[in-house]
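**Student:** make a model of this:
(2 chains)
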Amino acid sequence: MLFGRNQKKPITLPEKKVEEWVYTTCGYCSTGCAIEVGVDSEGRGITARGVADADVNRGKLCIKGIFEYELFNTPGRGTAPLMRERRFDDFKEASWDDALDKTAAEFKRIQEKYGPDSVAIVSTGQLITEEFYTLGKLARGCIGTNNYDGNTTLCMASAVSGYKRSFGSDGPPGCYDDFSHTDCLIAFGSNLPEQHPVIYWRMREAREKRNFPLIVVDPRVTMLAQFADIHLAITPGTDVVLLNALAHVILAEGLEDRAYIETSTSGFAEFEALVAQYDPVTAAKICGIDEDTIRNVARLYAKANQAMSIWTMGINQSTHGSDGVVGINSLNLITGNIGKPGGTSLSITGQCNAMGTREWSSCSGLPGYRVLENPEHRQEVADFWGIDPEFFPKQRGMAQTDIFPAIETGQIKALWLVATNPMTSMPNTARIRKTLERLEFMVVQDAYADVESNEYAHVYLPAGLWAEKEGVMTNTERRVNLIKNVCPPPGEAKADLWIFNQLAKRFDNGKLINFPESASDVFDEMRELSKGRFLDISGMSHEKIEQSRGLQWPMGETAEEDSARLYSDGKFNHADGKAKLIPLPYIENNECPDDDYPFWLNSGRVVEHFHTRTRTGKVGNQNKFSPTPYMEMNPDAARELGIEHMSYARLTSRRGDAVVLVQLTQRVPYNMVFVPFHFHECVNRVSLGLLDPHSRQPAFKQSAVRIESVEQQAAAAVTNRAARSF
Amino acid sequence: MFKVRKDEPKYAFIPDVETPEKNRYGKAIKLVDESDPRAGQSLNINGDESVGDNPNRYKQHGFHFTADNCIGCHACEAACSEKNDLPAHISFRSVGYVEGGSYPAYKRMNISMACNHCDDPVCLKGCPTRAYTKYAEYGAVLQDPDTCFGCGYCTWVCPYNAPQLDPIKGQVSKCNMCVDRLEVGLKPACSSACLGGALEFGLIETIPENREQAKTTIPGFPDTSITHPNIRFQQVKSLPREMTRPDTMPIKYQRDEQGEGEYKTKVREQRRPRRWSLRKLLTSHENAHIAFTLCAQTVIGAFLLLLLAPMMGASSIANIHSDGTLLPLLGSLFILISVGMFKLNMHLGKPHRFYRGFNNLKHSPVSREIAGVSAFFAGFAGYCLFSLFDAGWATVLANMAAALALLGGLLGSYYMYKLYRIPARPYWNHWQTGTSFAGTSLSLGALVIGLVSVMVQGFTASATLIQLLALIALAGVLLEAVGLICHARDLKQKGGEGEASHLEQSFDYGNSYWLRNTLLLLNSIILGAIAVAGIELISASILLLSMLTASIIGRALFYVLVIPTTLPGAFFWRNKGFQEHARESGLAEMEQSGVLPRADYHDLHLARAIKEVKEDLGMGSSKSK
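**Tutor:** As a prediction, this is how the structure comes out:
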């Protein structure tokens, strides 16, 4: 001691008595950080740290990962199956047998009465890959509905669609290591510091060691935009115009990689003809970026030895989402920036296992990137599972965003939601409520009984979350990583894998198909099915994955190493082995601001929350940073409307209205507001969500609203409070 | 010892680099030599008696914050709260921000701040219980929650909002520099968790790798001359001329174009709607202080008048000692001071540990105030007791007790004033605090004597006394009024948080403020009239009501208006406006909102209190022996 007292006092610091560290992978976003959960002598998770030798996060974690172990003790968890006859009755606790019998019986009754596709299944990107695979087996092989999709339609469908259109297959070609090699980075609608803080850290560390130009395309001045060398404050929904103009400049000035275009792409002539129409002068008027800047960025990007693009929802959640992805891919194709260190077209994925569902859940096809439209694929999978291939539909059914309108109009009568919450996540809440009311039968399977969609359920199945289960997940850079079990789910809640297996037993085909009980046995099946496929994981096992802190596919049976990048040989998955350069005519179809609704409505994520807040809203040390929704609004616009900082305002659109707390900031332009999407009964009461024609992903980020000041502030506070029921 | 992993990442280790001999304030960075008896001792963390092998164990450490880089991702706050097991409503480290410019030339600068382990820790000096220690090891300023009795004075004096008063536990806790990690050479949890390349930690006055600047301040950071904080900044990117805060504090930061371009604290707006805000005013967290200061000042004032005025030849006051008014008066005063002291004690987080209040007479004005007022109370109680006896020995003892009360009263009053002279609280840090307190002693002291006298003797019999008392009270009121006028003038002139307080005083509480000012004028007129023309029932009633109202509103304003020089908050977290809103709207009823439903929880948990007292007395298992 120096001063304060003469006698030294012993120091007491909180002590975490960790008996064992259990290896897992984070269950929030797709960065794929490896987490060690500290478990005490009673088997409880009491602390967490980033795994030091995991290449993805190198010991770091973001706020969500740091507190993820607290989820084991969060309130609102489902601890027993619940059932009720009508949705306005009270739920009563039920046995698993009763709940599953009822579910199977209702599915069968409805399928018999209205046809096999009248039962819809909407899943998620949050489960473990082995569970996705099992759910696919159950949905495609036993229940036999073709209306089975994931909520990944809300986040990554455009990336999937764009990758398929350009490269002939899904699968992000790059990896985080590309940051260490690139000479130029463009981030399109991707706010790494808020959405993927650990990827941001990787990028920043690389940039501190070896500086490279960072260009950020975002209509909002995000932290990343602020740190960019060039910030392109684009007009919402016009990315395709910018991309066409960039390509225009590159081709016009002869900056393209001719050799690469010739050997590895097709469709150049049509592409060139189209981008010829998008000279910077014309484009500037549409996308709001001046012609000099467009030329500067195009030159910078094309002249870099290796340049990479990343994007997230700013591209995907748009009516031109799939086109935007194709445009980015084309930009990288014409500059020869695919599959080389520092040169890539990397979608920064949303959910922890959006990749797993794309690869293995059979949502839009069959497992292992197989498609229903291919008879060989149907045969392979049917043989492997031991069923008649004729049981499979011959064409993909509805996407998630088409399933809801089909419920609305009566084609679909039963819905099974697995770890997804459309009551908060889907655009136009009023319409979703009306839709869910029409169901004859609805099952909600979720870790939380207070998930808002449960309001309309007849049966609720309590599930385990994250490390209450075991298995693998695939991250943004195709890294398959392992979650080991830390503790069992609470009460009667069960791992989703168990639930799927038990339900399968109640269908005829469930007796034919093998449903292994342990995740590693399921993994073995997937490994078999992956042999020789693009996403080959036959060289992996749970043990090898843990040892390597994750392995990137493809990794064939005999491979010594996993694969950091795809398409490094310049060969693509279209029939001709080439990537397609696809012309992208821009069609202005957004709900643009007008006299009646003069503001752009933009939505997005905040770092402390995930998805619809069913988890993060319960963890005080996260939730406190935004315990209630808010709207970023430009102070100049607010002044004219008499709206004050920290007061409630009313948002009105052609769909409905919402009351929201106003935060005045120059981060947004005069004619735009931004509202985080995590909160129930808020931004999605007013959002439109026009669907992308290719991916069926809603354009959450472009619609028009009107804003009014609210005189009765106290009543507005009550309304807002009422929607925060947990 | 904290366990270091075999593969602990390099970024988590504190670099072992050369430091200058002295820091920029002239203080040696090496706090003790290895030969010093204070060196080589165990920190005794959680009963571990080993000594850490950090090569720079006796050098002052500190944070280095690159404000240009912070992304506001909360990883530092989360890592800290996770390590220290903090509930949602408490946080040792907080990220706030300032922003400026206009779209798209908009700049937001995040500020992550915890304890700065200052060279001159005002928390340590202020704490009456000696819960704080500045260690020779790392220069860490550590606070022991087990010693703390929850008065919250450290939270008043700290310019950085580092000590955190937990109303539920009734005690303060704060950043402990993660000394367990430092002992094995690791940076604190927050710094190791940083994802933006912003929060570094190391030997003070050294610049981290890949950084180029180590300055002492950035816009929004309070005056470093108060405590000489051990934090350095890098902030080289240009910022807009004006930076505003997202919280409801009416403050902004403006570049001084005439000066060296440093940012000055300014008031955000000049006008607001004028309100009463009576509910906020009268139900504040500081009600106990209103009651205590008013009661103590009144009683001390009355007692001094009773004792000293006769010596100055005020025969009408001397008569009180003999005309039968004395005992009722002493009784009334005794009740008043007891109520005041009871309220003050019960406002502590741990009222049963009141006796720890004397522990820091060496440094803490609070300790000295408590000692003075306690001495006064003891002397005064003795005086009351011995006044009951009509005997020579009783008179001697009464005089001795009176002398003690006199000394205690004067010292207690002085330190009661002194403890509010806090540089981090500009609204209080003005001589007006003294004139207000002294004025109260005179005016309310005289009032209470007059009131009792009238009740015992009637108006006619006490006419001369009343006229004298009116003059004394008038002096008190005028003293207070002069102080207030100068205070308002100086607040406006000096700017910063003081001026912001003045803005709130003039508008948010404007009607209440002007009511008090008007009442002071009214009091002066009535008192003047009484001094000249005597008193009757109506004027007496009006005066009583008016003086009490003016005093209570005045004192409530004193507490509610103070705006500390703390750092900017965020839109929700550390935003006083949002906290109030969350309480009003019911959002605070959700534990995970991070806002407690009530600002204060001073319920005494008897069982816990008894257990703790037993521990203190060494009758139970105790960590704080």
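**Student:** so which residues on the stretch 501-625 of chain B come close to chain A?
**Tutor:** B:570-573, B:575, B:577-578, B:581-582, B:584-587, B:590-595, B:623-624 (Cβ under 8 Å from any Cβ of the partner chain). Yep, even glycine has a C-beta here, placed from its N, CA and C like the rest.
**Student:** ok, 10 Å please
**Tutor:** Residues of the stretch 501-625 of chain B that fall close to chain A, judged by Cβ under 10 Å from any Cβ of the partner chain: B:570-575, B:577-578, B:580-582, B:584-595, B:623-625.
**Student:** low-scoring stretches of the chain, by residue?
**Tutor:** In the absence of a named chain, chain A is used. Chain A contains residues with pLDDT under 70 at A:1-6.
**Student:** let me rephrase: I mean chain B.
**Tutor:** Low-confidence segments of chain B (pLDDT under 70): B:600-604, B:619-625.
**Student:** can you give the domain ranges for it?
**Tutor:** Annotated domains of chain B cover B:1-44+B:54-241, B:282-499 [automatic domain parsing].
**Student:** so the shortest one, near chain A or not?
**Tutor:** Yes - residues of domain B:282-499 contacting chain A under Cβ under 10 Å from any Cβ: B:Asn359, B:Asn360, B:Lys362, B:His363.
**Student:** drop anything exposed from those residues.
**Tutor:** Buried by 16 or more other Cβ atoms under 10 Å in any protein chain shown: B:Asn359, B:Asn360, B:His363, out of the residues of domain B:282-499 next to chain A.
**Student:** for B:His64, grab phi and psi.
**Tutor:** Backbone geometry at B:His64, expressed as degrees, to the nearest 10, gives phi -120, psi 120.
**Student:** surely it and B:Gly197 touch.
**Tutor:** No - contact criterion Cβ atoms under 10 Å: B:His64 and B:Gly197 do not qualify, at 11.2 Å.
**Student:** who touches both of those two?
**Tutor:** Common contact partners of B:His64 and B:Gly197 (Cβ atoms under 10 Å, 6 or more residues apart in numbering or on different chains): B:Pro208, B:Arg211.
**Student:** residue contacts, the residue of the stretch 101-250 of chain A found nearest chain B?
**Tutor:** Closest contact between the stretch 101-250 of chain A and chain B, by Cβ to the nearest Cβ, is at A:Pro193 (3.7 Å). A:Pro193 sits next to A:62, A:199-201, A:203-204, A:222-227, A:607, B:70-73, B:110, B:195-196 when contact means Cβ under 10 Å, 6+ apart.
**Student:** picking up where we left off before, out of the buried ones among the residues of domain B:282-499 next to chain A, which comes closest to A:Arg258?
**Tutor:** Lowest distance from A:Arg258 to these (Cβ to Cβ) belongs to B:His363, with 77.9 Å.
**Student:** so the closest one sits in a helix?
**Tutor:** No - judged by DSSP: H, G, I helix; E, B strand; the rest coil, B:His363 forms no part of a helix; its state is coil.
**Student:** list the contacts of the residue nearest to it when sequence neighbours are not counted.
**Tutor:** Leaving out its chain neighbours, the residue that sits closest to B:His363 by Cβ to Cβ, 6 or more residues apart in numbering or on different chains is B:Lys125, at 4.1 Å. Going by Cβ under 10 Å, 6+ apart, B:Lys125 touches A:Phe3, A:Gly4, B:Tyr132, B:Cys154, B:Val157, B:Thr227, B:Asn360, B:Lys362, B:His363, B:Ser364, B:Pro365, B:Val366.
**Student:** show the subsequent helix or strand relative to the helix or strand where B:Lys125 lies.
**Tutor:** Remark: B:Lys125 resides in helix B:122-126, with elements defined by DSSP states H and E. Downstream of helix B:122-126, the next assigned helix or strand under DSSP H and E is strand B:132-134.
**Student:** which SSE is immediately downstream of that next one?
**Tutor:** Per DSSP H and E, strand B:132-134 leads on to strand B:141-143 as the next helix or strand towards the C-terminus.
**Student:** and that following strand, how far out from the chain's middle?
**Tutor:** Its chain's C-alpha centre and that of strand B:141-143 lie 17 Å apart, by Cα atoms, centre = their mean, to the nearest Å.
**Student:** does anything pack onto it? Which helices or strands?
**Tutor:** Applying 3 or more Cβ pairs under 10 Å, 6 or more residues apart in numbering or on different chains; DSSP states H and E, we find strand B:141-143 packed against helix B:122-126, strand B:132-134, strand B:171-173.
**Student:** parallel or antiparallel, list what pairs with that strand.
**Tutor:** Looking at strand B:141-143 with DSSP bridges, its partner strands are strand B:132-134 (antiparallel).
**Student:** related to what we said a few turns ago, now distance to A:Gly136 too, for the domains of chain B, in JSON lines please.
**Tutor:** Below are these laid out as JSON lines (distance: least, Cβ to Cβ, whole Å):
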{"stretch": "domain B:1-44+B:54-241", "distance to A:Gly136": "36"}
{"stretch": "domain B:282-499", "distance to A:Gly136": "57"}
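**Student:** mind checking these for the one nearest to A:Gly539?
**Tutor:** When the domains of chain B are compared by Cβ to Cβ, domain B:1-44+B:54-241 sits nearest A:Gly539, at 24.7 Å.
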